[in-house]
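Visitor: Output the structure for:
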Amino acid sequence: MTQQNENLISLNELAKELNLNKSKLSYYVRHGLLNPISTVGRMGIFDKTKTTEIIKKIKEEQKNGKTLDEIKGLLED
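Guide: Purely as a prediction, here's the structure:
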């Protein structure tokens, strides 16, 4: 397996690795905070490194009292 493929991960696998609820990550996807780089059937495939950093940023900004809409704006900048 190439290094590029090793960085690809499903939302379910990512939730397990980060000890997060998959439904919360799915919520982030539905609201445009996380974007799959590809899909296989109905399953989104994500860049593990980039998505993990985005999730950390979301969590950090939520602790600072930002709404998801505000966080989305920050992520788009």
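Visitor: If you count neighbours, what's buried in the longest helix along the chain?
Guide: As assigned by DSSP state H, the longest helix anywhere in the chain is helix 48-63. For helix 48-63, the buried set under the neighbour-count rule, 16 or more other CB atoms under 10 Å, comprises Lys48, Thr51, Ile54, Ile55, Ile58, Glu61. No exception for glycine: its C-beta is placed from N, CA and C like everyone else's.
Visitor: just checking, what packs against it?
Guide: Applying 3 or more CB pairs under 8 Å, 6 or more residues apart in numbering; DSSP states H and E, one finds that helix 48-63 contacts strand 8-10, helix 11-18, helix 22-30, helix 68-76.
Visitor: got a list of what the residue nearest to Lys66 when sequence neighbours are not counted touches?
Guide: Excluding the flanking residues, the one nearest Lys66 by CB to CB, 6 or more residues apart in numbering is Leu74, at 7.4 Å. Neighbouring residues of Leu74 by CB atoms under 8 Å, 6 or more residues apart in numbering: Lys57, Glu61, Lys66.
Visitor: ok, Leu75 - contacts?
Guide: Leu33, Ile54, Lys57, Ile58.
Visitor: which residue sits closest to Thr51 in space, ignoring its chain neighbours?
Guide: Counting by CB to CB, 6+ apart, the residue nearest Thr51 is Leu34, at 5.8 Å.
Visitor: what do you get for Ile58?
Guide: Ile71 (5.6 Å).
Visitor: same deal with Leu11?
Guide: Nearest non-adjacent residue to Leu11 (CB to CB, 6+ apart): Leu25, at 5.2 Å.
Visitor: so where's the chain uncertain?
Guide: 1-4 (pLDDT under 70).
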